[in-house]
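Peer 1: Fold the following and give me the result.
(one chain, ligands or ions: 2)
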Amino acid sequence: MYQIHSIITDMVNVLGIETSCDETAVGVVSNGYLLRSNIIASQIEIHAQYGGIVPELASRQHIRDISATVNSALTTAGINMEDIDIVSATYGPGLAGSLITGLNTAKALAMSLGVPFIGSNHLEGHLYASWLKETGELPDCEPGFPLACLIASGGHTDLILMENHGGYKLVGRTRDDAAGEAFDKAARVLGLGFPGGPEIQKAAEQMIGENELELPRAWMKGTLDFSFSGVKTALLHMAQNLGIYPLDQCRFTDNQIHSLVNQMSYAFQEAVVDVMVEKVATMAEQYHAKGILIGGGVAANSRLRTKVVDRANIPVLIPPPVLCTDNGAMIAACAYYQYQRGEQYGFDLDVNPSLPLG
Ligand code: KG4
Ligand code: ZN
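Peer 2: Ligands and ions are numbered 1, 2, ... in the order given. You can find the predicted model right below:
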């Protein structure tokens, strides 16, 4: 075992690297919660022109951005490389070609510093985003275990029972599209930009007056599973029936199109959010959870955030939006707890694009 040393304080400083998809992200976190830096080199502009992530371009951009992002995370944290006690990186799930860059960078840094290297699960990282705090005080809002967790991202929509640090049980999942994927596809139908989630949210917020459109909700009764492909298809049919799809053949004025797109965005967002809120609240009741935790990019959605707090009668943990989408700080927080419970990883650790949690 390595000896954890700390030079500037008695804090354990973890450098976390996240390159599972299209963000080159590095964060420094002390003692598993204190957020010292969180730097994200976004590739959105590169992929937006294709309307989705192009894996080959993503992996090559990570190579270009990783060194500068590591340096920037250290500078922002105000610490030197030698003050890092543990180096961690996401090793799955995600795109293999993207994961490799972060993983190999973390191994090289840990090797040269002579400190432990930890491989982290991206989904577990999303859960630990809720532990991050910007003040020096220990988190005081932890309701205790078990927690009913919803991870909603571009690749996953999972309900996970977190029984303790490191103890996870998968109790529900999507049977087709992930929630974020559904938002992205719906945005494409409506002629909105990429990524679709924030664009749909923005359009829904611009809706004037009462919404008159309604989309179906797939309740998947008797299960804690999700299905989002039906609502996505229903949206496409609605757009065709209303005459705004395909957009280049549409005869409406810009104002009319905006008004319809805003209403449809609202209807779509409500349909997806309502199911997620109801499912995680039901799960919390079934498993006698002490709190609800929401993570992943879709947790940045303002409507989801409001509705889950309104519905729940137990504490709700949701990170600020910037910590819901992919970031390195969540990986650093997660790795601290992995190290605390004695997990060890060799330098031969490979990427695992379909790494499960629970
Ligand atoms: O966790 P994340 O950053 O990357 C993955 O692990 O996939 O999640 C990205 C997903 C995208 O599908 C994006 O459209 C969605 O999160 N997203 C949102 C919002 N912000 C990001 N969905 C709904 N509302 C948002 N405000
Ligand atoms: Zn993610």
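Peer 1: for residue 192, what are its contacts?
Peer 2: Contacts for residue 192 (CB atoms under 8 Å, 6 or more residues apart in numbering) come out as 199-200, 203, 261, 265. The way it works is simple: take the backbone N, C-alpha and C, and place the C-beta from them, glycine included.
Peer 1: can we see that at 10 Å?
Peer 2: 183-184, 186, 198-200, 202-203, 261, 265 (CB atoms under 10 Å, 6 or more residues apart in numbering).
Peer 1: which of these are buried?
Peer 2: For the contacts of residue 192, burial is judged from neighbour counts taken by 16 or more other CB atoms under 10 Å, and it is met by 183-184, 186, 198-200, 203, 261, 265.
Peer 1: Report the two of the contacts of residue 192 separated the most.
Peer 2: 184 and 261 (15.4 Å; CB to CB).
Peer 1: sorry, back to before: could I get the contacts of residue 192 as JSON lines with pLDDT and secondary structure?
Peer 2: Listed next are the contacts of residue 192 as JSON lines, based on pLDDT from 0 to 100; DSSP: H, G, I helix; E, B strand; the rest coil:
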{"residue": "183", "pLDDT": "98", "secondary structure": "helix"}
{"residue": "184", "pLDDT": "97", "secondary structure": "helix"}
{"residue": "186", "pLDDT": "98", "secondary structure": "helix"}
{"residue": "198", "pLDDT": "98", "secondary structure": "helix"}
{"residue": "199", "pLDDT": "98", "secondary structure": "helix"}
{"residue": "200", "pLDDT": "98", "secondary structure": "helix"}
{"residue": "202", "pLDDT": "98", "secondary structure": "helix"}
{"residue": "203", "pLDDT": "98", "secondary structure": "helix"}
{"residue": "261", "pLDDT": "98", "secondary structure": "helix"}
{"residue": "265", "pLDDT": "98", "secondary structure": "helix"}
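Peer 1: Nearest to residue 19 among those?
Peer 2: Compare each of those with residue 19 using CB to CB and the shortest gap goes to residue 184, at 19.8 Å.
Peer 1: hang on, the earlier thing: okay if I get the buried ones among the contacts of residue 192 as JSON lines plus distance to residue 239?
Peer 2: Supplementary listing: the buried ones among the contacts of residue 192 in JSON lines, determined by distance: CB to CB, whole Å:
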{"residue": "183", "distance to residue 239": "15"}
{"residue": "184", "distance to residue 239": "16"}
{"residue": "186", "distance to residue 239": "9"}
{"residue": "198", "distance to residue 239": "20"}
{"residue": "199", "distance to residue 239": "15"}
{"residue": "200", "distance to residue 239": "13"}
{"residue": "203", "distance to residue 239": "13"}
{"residue": "261", "distance to residue 239": "9"}
{"residue": "265", "distance to residue 239": "11"}
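Peer 1: Keep only the residues you listed that also lie close to ligand 2.
Peer 2: Among the buried ones among the contacts of residue 192, none lies close to ligand 2 by the criterion of CB under 5 Å from the ion.
Peer 1: quick one: which of those residues is nearest to residue 312?
Peer 2: residue 183 (22.3 Å).
Peer 1: For the protein, what lies in contact range of ligand 1?
Peer 2: 21, 153-155, 180, 183-184, 195-198, 201, 296-298, 300-301, 325-326 (CB under 6 Å from any ligand atom).
Peer 1: How about the contacts made by the closest residue to ligand 2 within the stretch 151-300 of the chain?
Peer 2: Using CB to the ion, the point where the stretch 151-300 of the chain gets nearest to ligand 2 is residue 153, with a distance of 4.2 Å. When the contact criterion is CB under 10 Å, 6+ apart, the partners of residue 153 are 20-21, 93, 122-123, 126, 178-181, 197, 295-299, 324-326.
Peer 1: what do you get if the cut-off is 6 Å, keeping everything else the same?
Peer 2: Residues in contact with residue 153, defined by CB atoms under 6 Å, 6 or more residues apart in numbering, are 180, 296-297.
Peer 1: nearest residue to it other than its sequence neighbours?
Peer 2: residue 296 (3.5 Å; CB to CB, 6 or more residues apart in numbering).
Peer 1: tell me the contacts of the one you found?
Peer 2: 126, 151-153 are the contacts of residue 296 under CB under 6 Å, 6+ apart.
Peer 1: rerun at 7 Å
Peer 2: Applying CB atoms under 7 Å, 6 or more residues apart in numbering, we find residue 296 in contact with 126, 151-153, 156, 324.
Peer 1: thinking again about what came up before, out of the contacts of residue 192, which comes closest to residue 233?
Peer 2: Scanning the contacts of residue 192 for proximity to residue 233, where the rule is CB to CB, the winner is residue 186, at 10.2 Å.
Peer 1: What sits closest to the residue in the chain sticking out farthest from the centre if chain neighbours are left out?
Peer 2: Most distant residue from the mean C-alpha position of the chain: residue 251, 38.2 Å away (CA atoms, centre = their mean). For residue 251, the nearest residue in space outside its immediate sequence neighbours is residue 243; the separation is 7.2 Å by CB to CB, 6+ apart.
Peer 1: isn't the one you found right up against residue 250?
Peer 2: Yes. If you go by CB atoms under 7 Å, residue 243 and residue 250 touch, sitting 6.2 Å apart.
Peer 1: between the two, who's got more neighbours?
Peer 2: Summary of the neighbour comparison: residue 243 and residue 250, criterion other CB atoms under 10 Å, with residue 250 having more neighbours (16 against 13).
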